[in-house]
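# My questions concern the predicted model and sequence given below.
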Amino acid sequence: MKQNVETFIGCDAPFEEAKIVLFGAPFDSTTSFRPGARFGSAAMRHESFGIETWSPYQQKELTDYAVFDSGDLELCFGSAKMALADIEARAKEILDAGKLPLLLGGEHLVTLGSVRAVAAKYPNLHIVHFDAHADLRDNYLGAQLSHACVIRRCHDILGDGRIHQFCIRSGDRSEFAFAKSHTEMHPFSFDGLQDCCEKLAAAKVPVYFTIDLDCLDPSCFPGTGTPEAGGVSFPQLLEAILTVAKTNVVAADVNELAPMLDPSGVSTAMACKVLRELLLALENEKMKE
């Protein structure tokens, strides 16, 4: 696997040495409102040179760890099925090498490809899901492969009691009804996250961590396809990331940055910092193993 020409800042270690491997999925063909998330992963790499590799929040230096950036996949924009198959294959390749795949979206549907690969390796997988939207529709305008349905498709794989949702503040009536019976949903905030993660850590189950950046308040993160009033702040999200990182995270993703929808560049800068802090939190826990 070859290193990307332009890497996320500090993520230029050799593949063989890396514990975490970044890969991008520039796909947004099922976006239900404003497109543009396909440009998110490339923007995060390019704009990452506007931030430092040192985190004053965690008192850690990204270059002290080994992260490999394999770049963006070349995906078929006209076929969600083909795109998901390519994402699944890359995630499997990373997992087979004994490394943690960290996917950069793209719209949230890309998560399904990675989850398919991770669930095949870890049949007792749990998902921790940060999002403004429930993403539990069985279909959106007749399509079951949609970013509005991604967590429902993950539920098809994992079943009841293994999906833990936080910050949800949008969805139709049927989604919230489905969640009551089939997922653990904590609307509006991170209330209950500490207890949830303590239980997951104690059970030593593998965890897939998916972050839809529209969980953030759109006043600080407007560059996303389906912004929703309300949401959390960056410090709240950072604290939540550090909490989830203490579980047995075996794969993760960050998605739904649409950089062109925020000409100020603030949303991309925010996404870069979220990714840096996520990488450091996960690396720190991996070093304890």
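Received it, and whenever you're ready, just let me know what you need.
# Find the helix or strand that Phe23 is a member of.
Using DSSP states H and E, Phe23 maps to strand 20-25.
# helices or strands next to that strand in the packing?
Other helices and strands packing on strand 20-25, by 3 or more CB pairs under 8 Å, 6 or more residues apart in numbering; DSSP states H and E, are helix 40-47, strand 67-72, helix 80-96, strand 100-105, helix 266-287. The way it works is simple: take the backbone N, C-alpha and C, and place the C-beta from them, glycine included.
# Which of the ones you listed sits closest to Gln236?
The stretch from the helices and strands packed on strand 20-25 with the least distance to Gln236 (CB to CB) is helix 266-287; that distance is 11.8 Å.
# circling back to that earlier point, mean pLDDT lowest for which of the helices and strands packed on strand 20-25?
Taking the average pLDDT of each of these, the minimum falls on helix 266-287, with a mean of 92.
# tell me the angle of that helix relative to strand 67-72?
Computed by axes from the mean of the first three to the mean of the last three CA atoms, to 10 degrees, the angle separating helix 266-287 from strand 67-72 equals 130 degrees.
# quick one, helix 266-287 and strand 20-25 angle?
Helix 266-287 runs at 150 degrees relative to strand 20-25, counting by the same axes, to 10 degrees.
# Are we agreed that Tyr208 is in a strand?
Yes: with the criterion set as DSSP: H, G, I helix; E, B strand; the rest coil, the secondary structure at Tyr208 is a strand.
# Tally up the residues packed near it, please.
A count of nearby residues for Tyr208, using other CB atoms under 10 Å, gives 25.
# Next: Gly223.
Counted by other CB under 10 Å, the residues lying close to Gly223 total 29.
# Report how far apart the opening and closing residues of stretch 30-48 are.
Stretch 30-48 has an end-to-end distance of 27 Å (criterion: CA to CA, to the nearest Å).
# do the same with stretch 211-231
13 Å.
# Pick the most deeply packed of the helices and strands packed on strand 20-25.
For the helices and strands packed on strand 20-25, the stretch with the most neighbours on average is strand 100-105, a mean of 26; neighbours defined as mean count of other CB atoms under 10 Å.
# quick one: it to chain centroid distance?
The gap between where strand 100-105 is centred and where its chain is centred comes out at 7 Å by CA atoms, centre = their mean, to the nearest Å.
# What helices and strands are in contact with that strand?
Where contact means 3+ CB pairs under 8 Å, 6+ apart, strand 100-105 is packed against strand 20-25, helix 40-47, helix 80-96, helix 110-121, strand 248-255, helix 266-287.
# Name the residues that touch that strand?
Surrounding strand 100-105, the residues in contact under the criterion CB atoms under 8 Å, 6 or more residues apart in numbering are 19-25, 27, 37, 40-41, 44, 72, 87, 90-91, 94-95, 110-111, 114, 117-118, 249-257, 275, 278-279, 282, 286.
# tilt between it and strand 248-255?
The directions of strand 100-105 and strand 248-255 differ by 20 degrees, with the same axes, to 10 degrees as the criterion.
# Identify the residues contacting the most centrally placed residue in the chain.
The residue lying closest to the centre of the chain (CA atoms, centre = their mean) is Asp253, at 2.4 Å. Listed by CB under 8 Å, 6+ apart, the contact partners of Asp253 are Leu102, Leu103, Leu104, Gly105, Val110, Thr111, Ser114, Phe209, Thr210, Ile211.
# Report the two of these separated the most.
Pairwise distances across the contacts of Asp253 (CB to CB) peak at 14.4 Å, for the pair Val110 and Phe209.
# more neighbours, those two?
Set side by side, Val110 and Phe209 give different neighbour counts by other CB under 10 Å, the larger being at Val110 (33 against 23).
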